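*Asks:* Sequence first, then the predicted structure:
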Amino acid sequence: MSIEKTTRLKVALLGNPNAGKSSLFNHLTGLNQKIGNFPGVTVDKKVGTSKIGDNLFAEIIDLPGTYSLYPKSLDEQIVLDLLHSKKDPSSPDLLLVVIDASTFKRNMLLFTQIRDLGFPVILVLNMLDLAEQHGIKIDPLKLEKELNVPIVAINARTGAGIRELKAAIACPVHTPPESYYKPGPLASGIISEVKESFSLENDYQAILLAHQYDNMRGLPEKEKEELARLVKKWSFDSKAFQSKETIARYDVITRILKETVEEKSVDDKELTSTKLDRILTHRVFGYLLFFFILLVLFQAIFAWASFPMDMIDGGIAWINGALKQNLPGGPFTDLLTDGLIAGLGGVLIFIPQIAILFAFIAVLEESGYMSRVMFLMDKLMRPFGMSGRSVVPLISGVACAVPAIMSTRSIENWKERLITIFVTPLMSCSARIPVFTILIALVVPEKNILGFFNLQGIVLMALYLLGFLSAIISGFVMNKILQNKQRSFFIMELPSYRIPRWKNVGLTIYEKVKTFVLEAGKVIVAISVVLWVLASYGPGDIETKALDEVRQEQPELAESTPDFENAVSGKKLELSYAGKFGHFIEPVIRPLGFDWKIGVALITSFAAREVFIGTMSTIYSVGDGGDDEATIKQRMKEEINPKTGGPMYTPALAFSLLIFYLFAMQCMSTLAVVYRETKGWTWPLIQLVYMTGLAYGLSFITYNIFS
Amino acid sequence: MGEPKKSIADLKIGEKGIVCCFNDEEMSLKLLEMGCLPGSMVELSNKAPLGDPICIKVSGYNLSLRLEEAATVMLR
């Protein structure tokens, strides 16, 4: 028996956006994929493993879609960073360039650029069926001969041709690179000098370096200086050369097209896509449909998600209860149940909403509708310093700001991206829902207006509108303040409509949920543990002190009854470090109508807003089963304001608190993700100060209006 | 100089034109890359409800761009 060596190939998938790269990636890797980070940047790197042959595996990287090797957004920069140096150990062994045959001409630009870099390439021809509808008939054999690279025709939707593709990956045919583009004598000076100083063999690599050295990550400062010197010495006009290059490449492509492609003109008014566009971007129906989709989305997030959320909530409470009964009492059990598992519950509870949100977004994106939404909304968003591309992050912000902020990477313009990141947390996220519902239920009577509008529902809706208004007004102000260094562009492909592939939708949901649980989960669980410690310990022996004080103050309570236990744990919290903090900040929050108890909840809510309910139940000694909202509501209703003798939770206080939770930046995960995306603490800190200031000011006004 | 030349922004829905040149270098780089080349045929296929952005058919697909961007592409 001989032991054969297993070989692992590094294969990268490249192509235009919408060329079917992700579908192909999913076919090749299935569930064997993971999201990593490219070193030094926050762009997600999708890597998966595919079994190619008996002892041959391929590590497949799905690179962001790009139209050329001249990147315009952070996503696209990754492609260039990975390809610019073949000596780099992470550099791929083989590139699969996925071509959408229905837009063959435009797709080929990237192919010729990649080919000129000298990498072994397989051209993957996708969507030949769609191409035929568009009157484009490609002869793969002729094309293969013309281009002198292996070509595999696939259908990424059905999976046809995947076996042939694997066979081609297994025995790569390395043909010497062909230069589709010759920079000409004007550039020969700088090319030969760059090649010499960087010991490169490839002309195109050299000229790409001269074009883009300034933006390349991983290029040492010294090398950048050297390139800057060379660019100056040869007075290399990057823009003029790029323009010449693109035109020259398209000339070559047009020639290849003539040899290998039959084009019939098709009356595109007959195409389904054109017909759909007439309705979907109609001046009335277009907006109506978009708002209808939003309505369904909100309905799904708020109503349909509540069932699985209740199950998760119940499940966590059940596990905690069972653990408390069966484990010996003590700080370890408490840490495990009240700290760790409760914190974990706080993460898991959001899975249904995030899954639903991303199911919607994936379907809208896969179908091609999302780019129409951007098309419809672009003009409306511009006065607020944003563009059509900001719409998706803002909508996603209604579920959770963390994935929403991550989705701003596709916004090319830095200022627009920054404004979108800055205002997205003002969109009312799902973590605010439990706080909103309980406070609204407390002070807004449940009655109908005009017969069928529920008053509580209207107040909830008003809060969402207020969040949205504050987001766009903030955008408007930031647009006036920030200097625009870059021009804003809206040159964007509107892809043909397609029926979404459910496998892709499923994988997107799986991947987003996984990222959320791992990324945000870490922070939330860690903070929950810290908060548990702060709430469980205090100066001195607070356990005994609490017992003594309760015995003294409420002698009518019989010991070891649930009421007594609850009174003790409430007292314990008051004496704990968290309680001390609450007392400490009470003078600051008193103008808003808040007392120290709410102060404790504000502090604990900093980890995640929904912690409010749990904290309230501990403070008001509702005890275990504390997530029973009815009980907490009852208890809060009975709370007496010691100064006025009336109820503590007056409409003034409740509205002030609602406004505070609507505007305040009380989310560690959001701050962490803004730090990652803006590469520094400046913006998260400004955001923290701005939002908290806004919350304080507006709560103060609200409290004074209503009291 | 004679008549001011026509740009993509002046097209009516369904009207076609041939790209002649660009009057904005930065914009032209992006448009060239997207297959909007001198000599290629463009057709205004659609406008967003507020009249901006617009959608043109070029190189066999639909490309959306703002009016101010369209105004930099001169037609023959």
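*Replies:* Nice, I can see it. Given the structure is predicted, the values throughout are model-derived calculations rather than measurements.
*Asks:* For the stretch 301-450 of chain A, which residues are neighbours of chain B?
*Replies:* Contacts of the stretch 301-450 of chain A with chain B, taken as C-beta under 8 Å from any C-beta of the partner chain, map to A:Ser371, A:Met374, A:Phe375, A:Leu376, A:Asp378, A:Lys379, A:Leu380, A:Gly388. C-betas here are computed from N, CA, C, even on glycine.
*Asks:* could you redo the residues you listed as a markdown table and give each row neighbour count and pLDDT?
*Replies:* A markdown table is the format used below for those (neighbours: other C-beta atoms under 10 Å in any protein chain shown; pLDDT from 0 to 100):
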| residue | neighbour count | pLDDT |
| --- | --- | --- |
| A:Ser371 | 21 | 90 |
| A:Met374 | 21 | 92 |
| A:Phe375 | 26 | 93 |
| A:Leu376 | 23 | 92 |
| A:Asp378 | 24 | 93 |
| A:Lys379 | 19 | 92 |
| A:Leu380 | 17 | 92 |
| A:Gly388 | 27 | 92 |
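*Asks:* Looking at these, which are in helices?
*Replies:* A:Ser371, A:Met374, A:Phe375, A:Leu376, A:Asp378, A:Lys379, A:Leu380 (DSSP state H).
*Asks:* what about the strands in the stretch 251-400 of chain A?
*Replies:* Under the criterion DSSP state E, counting those that start in this stretch, the stretch 251-400 of chain A contains strands at A:261-263.
*Asks:* Sorry, wrong one. I was asking about chain B.
*Replies:* Counting by DSSP state E, chain B has strands at residues B:16-22, B:41-47, B:54-58, B:61-65, B:73-75.
*Asks:* Is the second one in proximity to chain A?
*Replies:* Just to be clear, that refers to strand B:41-47. Yes - using C-beta under 8 Å from any C-beta, strand B:41-47 reaches chain A at B:Ser45, B:Asn46.
*Asks:* The first one now?
*Replies:* No - contact of strand B:16-22 with chain A is not found when judged by C-beta under 8 Å from any C-beta; the minimum separation is 8.7 Å.
*Asks:* tell me the average confidence for that strand?
*Replies:* On average, the pLDDT along strand B:16-22 is 93.
*Asks:* What are the contacting residues of that strand?
*Replies:* B:5-6, B:8, B:11, B:28, B:31, B:36-43, B:72-76 (C-beta atoms under 8 Å, 6 or more residues apart in numbering or on different chains).
*Asks:* and of the ones in helices among the residues of the stretch 301-450 of chain A next to chain B, the nearest to A:Leu295?
*Replies:* Set against A:Leu295, the nearest of those by C-beta to C-beta is A:Leu376 (15.9 Å).
*Asks:* doesn't B:Asn46 make contact with the closest one?
*Replies:* No - A:Leu376 is beyond contact range of B:Asn46, at 11.1 Å (criterion: C-beta atoms under 8 Å).
*Asks:* Would you mind listing the residues touching both of those two?
*Replies:* Residues touching both A:Leu376 and B:Asn46 (C-beta under 8 Å, 6+ apart): A:Thr281.
*Asks:* of the residues of the stretch 301-450 of chain A next to chain B, closest to A:Ser410?
*Replies:* Closest to A:Ser410, out of all of these and judged by C-beta to C-beta, is A:Met374, at 10.1 Å.
*Asks:* so that closest one touches A:Gly388, yeah?
*Replies:* Yes - using C-beta under 8 Å, A:Met374 makes contact with A:Gly388 at a distance of 3.3 Å.
*Asks:* Can you work out which residues contact both of these two?
*Replies:* Taking C-beta under 8 Å, 6+ apart as the contact rule, A:Met374 and A:Gly388 both touch A:Met492.
*Asks:* Using CSV, write out every CA atom in the helix or strand hosting A:Leu671.
*Replies:* Per DSSP states H and E, A:Leu671 falls inside helix A:668-678. Coordinates of each C-alpha in helix A:668-678 appear next as CSV, following Å, rounded to 0.1, in the frame of the first residue of the first chain:
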residue,chain,number,x,y,z
MET,A,668,-20.9,47.8,22.6
SER,A,669,-21.1,45.7,19.5
THR,A,670,-22.0,48.6,17.3
LEU,A,671,-19.1,50.7,18.7
ALA,A,672,-16.8,47.8,18.1
VAL,A,673,-17.9,47.3,14.5
VAL,A,674,-17.7,51.1,13.8
TYR,A,675,-14.1,51.0,15.2
ARG,A,676,-13.3,48.2,12.8
GLU,A,677,-14.9,49.8,9.8
THR,A,678,-13.5,53.3,10.3
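*Asks:* Please pull up the helix or strand immediately following that helix.
*Replies:* Later in the chain than helix A:668-678, the nearest helix or strand by DSSP H and E is helix A:682-706.
*Asks:* For A:Lys264, give me its contacts.
*Replies:* Contacts of A:Lys264 (C-beta under 8 Å, 6+ apart): A:Gly135, A:Lys137.
*Asks:* in the stretch 1-150 of chain A, what residue is nearest chain B?
*Replies:* A:Arg106 (4.0 Å; C-beta to the nearest C-beta).
*Asks:* so that residue sits in a strand?
*Replies:* No - using DSSP: H, G, I helix; E, B strand; the rest coil, the assignment for A:Arg106 is helix, not a strand.
*Asks:* what's near enough to touch the closest residue to it other than its chain neighbours?
*Replies:* Once flanking residues are discounted, A:Arg106 sits nearest to B:Gly35: 4.0 Å by C-beta to C-beta, 6 or more residues apart in numbering or on different chains. Neighbouring residues of B:Gly35 by C-beta under 8 Å, 6+ apart: A:Thr103, A:Lys105, A:Arg106, A:Leu109, A:Tyr250, B:Val58, B:Ser59, B:Tyr61, B:Leu63.
*Asks:* Try it again at 6 Å.
*Replies:* A:Lys105, A:Arg106, B:Val58, B:Ser59 (C-beta atoms under 6 Å, 6 or more residues apart in numbering or on different chains).
*Asks:* measure the last one to A:Thr103 for me?
*Replies:* Looking back up the chat, that one is B:Ser59. Going from B:Ser59 to A:Thr103 by C-beta to C-beta, to the nearest Å gives 7 Å.
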